[in-house]
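Student: any chance you can model this:
(3 chains)
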Amino acid sequence: MDVWQITSFTLLTALAATALMVPPGLALAWLLARRRFRGRVLVETFVSLPLVMPPVATGLILLLLFSPRGPVGGVLARVGIDVVFTWRAVVLAMTVMGLPLFVRTVRAGFEQVDTRYEAIAGTLGASPIRVFFSITLPLAFPALAAGAVLGFARAIGEFGATIMVAGSIPGVTRTLPVAIYTFTEIGRDRDAAMLLAVSAGIAFAALWLSNYLTSRAGLRT
Amino acid sequence: MLSRLTLLVLLAWFAAPQGGASEPVTVAAAVSLTQVLEEIAAAYAAAGGGPVRFNLGGSNVLARQILNGAPADVFISADEAQMAVVEKAGAVLAGSRVDLVENQLAIVATPDRVDFVRQEFGRAAAGIRRLAIGDPAAVPAGVYARQYLERRGLWSAYEPRIVPTTNVRAALAAVETGSVDAAIVYLTDLAAARTAVLAFAVPAKDGPRIVYPGAVLSAARNQTEARRFLTFLRGPVAAAIFTRYKFAPLAS
Amino acid sequence: MIEIDIRLEQGSFVLDVRERLEARVTVLFGPSGAGKTTILDAIAGLRTPVRGAIAVNGRTLFSSTGGINLPSHTRHVGYVSQDIALFPHLDVRRNVTYGQRPGQKLSLESVASILEVGALLDRGVSMLSGGERQRVALARALMSAPDVLLLDEPLAAVDLELRRRILPYLERVRDELAVPILYVTHDRDEARRFADRVVVLDRGNVIRAGVPAEVLPGTDAPAAARKG
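Tutor: A predicted model of the protein is given here:
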């Protein structure tokens, strides 16, 4: 068993998922923190859904959407992009499951940024986009970092949705948690134990870092 | 007042004597036997037998559950290897093991792909991009599938395209959702298929010998009933049902 | 010149003001809650009147009949709010130059020298005294080369001693930069000393307007006479 391959694959896909979470996550967090709009409760609910639904249920939804016969998967298949049972499905599952945590943390951070600063920046001639990048984002940065670490930790530990939509294909979609599960099923207990130690170590480090960043920002999440 | 009443009811429920005759026999069985065993259990009850409860899954998973103390009276595995795992650990009641039925492999696909799969499978055509089989590392159906592919010299071509599943029914499901192009399952699984159809069955001479052994477990809480059920499985009523589902009974 | 004709809901009363302000320094005077800050907010685009029009130097910032409501970042106003609100994550230099546009005529050097903040430029914002914060906030507003300067009680949180020291800077701004100033205060002495014109507000309405001596007769007239 290639501990290194499984670990590096998991870390890389989790990193990619975390990067993918950021743009929509920032936008959603900002919208929910700063704007009243119709359908706001709906957006809040949808964003929180993967947090509350069983991960396998979320995975099943993703499978139905992205399989070659599904609405999204069908379109992608026509341009030659396979999603289910490939690394893309792994990143997809990780992103979907980590996004709600990221949005929550960053939203709390934005809500703590005094809107006076944004208003003053506006009077000084900064467009809303410039205000966001030069004032809001830097002031909320600790929350952004904490959210990213949390999203990353969630991505690494993601199992239920991953196994549904990406399966456990050796060398292709076997992440740390998926490998632990599969090895346990087929009797490779020692390998499972080794991977267990690795994933526990990573999760511990990530959570510690996230808590440290959150406390630095003075947030109560 | 209400909570005290509830407590009394719960206590009564749990303390009620469990009659041996009414306690179900728990059978851990390979998932490919799902539908056929349901029907056999009904026939068993009609013939005066007691209730039977099933725990169905990949035989390797069941074997490990049994070794970890999962309560079961009977184990029916889809291959001898998993039965051997349980036997070696001393969990099988001596002398109770019997070979029950035989099965055949089948290659399945959805109706719109089945002709292509039928024609191109033997040539490992690039159009068959993903093939679902039980995990060849331990799931019996997957082990058999690999043996078959190796025998036909197709394993190296298909190995990078394999999607290993937790059990054979998951492989069937994968083909039905369109996530894979074809799957190797048991011929008997077609009875449970909703949209998948047979591309071709693997003739006995081309495929591995697939035998389902059954045994009473030494930790069985209900040994008498367990033996009765196992004996029923080898009888003529069960044989007729097995045959209808395309299993080949091995009654002695 | 500021032309303002607006109506705005203000909690328990309605702000209804129609004025033409042409002086160098116009003071909005009145008790707290009279609506003075609200007028500044409306000019800056931070609050939207129910109806009316606002124009600065002939440029329309808001017009309910004309469907115009410029966002605040296009209004070219320099706003120094009561709470100052220096950006905590930027040093003094980056705060002051935040609104500076490339190629504008007003330079950092000239503003810094008027307000004597040159020595503070490399400091962090948290390491400034109260008076220094005031001057930096002023410099920041000025550096955006605004068409009008809106000052909301800039000396309210400052002690008497400091007040005496900052007022000359305000006078220098008035004299050297030729930007019309709208100055909110509830302090008579400040109003009398600094204003060319005073507009007195009470519960959302202008009750008096004119030169300081007429509008705000004060008990320190003898003191002023003594100062000569």
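Student: ok now stretch A:38-46, how far from the chain's centre?
Tutor: 19 Å (C-alpha atoms, centre = their mean, to the nearest Å).
Student: buried stuff in stretch C:20-27?
Tutor: Of all the residues in stretch C:20-27, those buried under the rule 16 or more other C-beta atoms under 10 Å in any protein chain shown are C:21, C:23, C:25-27. Any C-beta I mention is one placed from the backbone N, CA and C, and that applies to glycine too.
Student: end-to-end on that stretch?
Tutor: 13 Å (C-alpha to C-alpha, to the nearest Å).
Student: next one: stretch B:134-148
Tutor: End-to-end span of stretch B:134-148 (C-alpha to C-alpha): 13 Å.
Student: among the buried residues of stretch C:20-27, which are located in helices?
Tutor: Counting by DSSP state H, none of the members of the buried residues of stretch C:20-27 fall within helices.
Student: tell me how far residue C:45 lies from residue C:191.
Tutor: Residue C:45 is 26 Å from residue C:191, where distance means C-beta to C-beta, to the nearest Å.
Student: excluding covalently adjacent residues, which one is nearest to residue 55?
Tutor: Chain wasn't specified; assuming chain A. Of all residues not flanking residue A:55 in the chain, residue A:160 sits nearest, at 2.9 Å (C-beta to C-beta, 6 or more residues apart in numbering or on different chains).
Student: not what I meant, chain C
Tutor: Nearest non-adjacent residue to residue C:55, counting by C-beta to C-beta, 6+ apart: residue C:3, 4.5 Å away.
Student: run me through the strand neighbours of the strand or helix carrying that neighbour, direction for each.
Tutor: Assigned by DSSP states H and E, residue C:3 falls within strand C:2-10. With DSSP bridges as the test, strand C:2-10 is paired with strand C:13-21 (antiparallel), strand C:51-56 (antiparallel).
Student: beyond the last one, next helix or strand please.
Tutor: Spelled out, it's strand C:51-56. Next in sequence after strand C:51-56, counting helices and strands by DSSP H and E, comes strand C:59-63.
Student: hang on, the earlier thing: buried sites along the strand holding residue C:3?
Tutor: C:2-8, C:10.
Student: for stretch C:63-77, same thing?
Tutor: So, applying 16+ other C-beta under 10 Å, buried residues of stretch C:63-77: C:63-64, C:72-73, C:75-77.
Student: so which of those comes closest to residue B:83?
Tutor: Residue B:83 has its nearest neighbour among these in residue C:73, at 76.3 Å by C-beta to C-beta.
Student: please report the distance of that closest one from residue A:119.
Tutor: 10 Å.
Student: what touches both of those two?
Tutor: Counting by C-beta atoms under 8 Å, 6 or more residues apart in numbering or on different chains, residue C:73 and residue A:119 have no common neighbour.
Student: tell me how far the strand holding residue C:3 is from the chain's mean position?
Tutor: Here the centre of mass of C-alpha atoms in strand C:2-10, compared against the chain's by C-alpha atoms, centre = their mean, lies 16 Å away.
Student: tilt between that strand and strand C:59-63?
Tutor: Comparing the axes of strand C:2-10 and strand C:59-63 via axes from the mean of the first three to the mean of the last three C-alpha atoms, to 10 degrees yields an angle of 20 degrees.
Student: so what touches strand C:2-10?
Tutor: C:14-21, C:26, C:35, C:38-39, C:42-43, C:47, C:49-56, C:62, C:148, C:180, C:182, C:204.
Student: equivalent analysis for stretch C:197-206, please.
Tutor: Here stretch C:197-206 makes contact (C-beta under 8 Å, 6+ apart) with C:10, C:13-19, C:21-23, C:25-31, C:34-36, C:39, C:191, C:207-212, C:215-216.
Student: ends of that stretch, how far apart?
Tutor: 13 Å.
Student: can you point out the buried residues in it?
Tutor: Those would be C:197-201, C:204-206, for stretch C:197-206 by 16+ other C-beta under 10 Å.
Student: mean confidence score for it?
Tutor: Stretch C:197-206 comes out with an average pLDDT of 89.
Student: quick one: buried residues of stretch B:241-251?
Tutor: B:241-242, B:245-250.
Student: so residue B:200 lies in a strand, does it not?
Tutor: Yes - assessed by DSSP: H, G, I helix; E, B strand; the rest coil, residue B:200 belongs to a strand.
Student: burial count for it?
Tutor: Here the number of neighbours of residue B:200 (other C-beta atoms under 10 Å in any protein chain shown) works out to 16.
Student: who's in contact with it?
Tutor: Residues in contact with residue B:200 (C-beta under 8 Å, 6+ apart) are B:106-107, B:118, B:121.
Student: now with 6 Å, please.
Tutor: Contact analysis of residue B:200 by C-beta atoms under 6 Å, 6 or more residues apart in numbering or on different chains lists B:107, B:118.
Student: quick one, strands of the stretch 51-200 of chain B?
Tutor: Here the stretch 51-200 of chain B has its strands, by DSSP state E, counting those that start in this stretch, at B:52-57, B:74-76, B:98-103, B:105-109, B:131-134, B:162-165, B:182-186, B:197-201.
Student: how about the helices in the chain?
Tutor: Since no chain was named, I'll use chain A. Per DSSP H, chain A carries helices over the ranges A:3-34, A:40-52, A:55-66, A:71-78, A:87-111, A:115-123, A:128-131, A:137-139, A:141-156, A:160-165, A:176-185, A:189-216.
Student: please go with chain C instead
Tutor: C:36-44, C:92-96, C:108-115, C:130-143, C:160-177, C:188-194, C:212-215, C:221-227.
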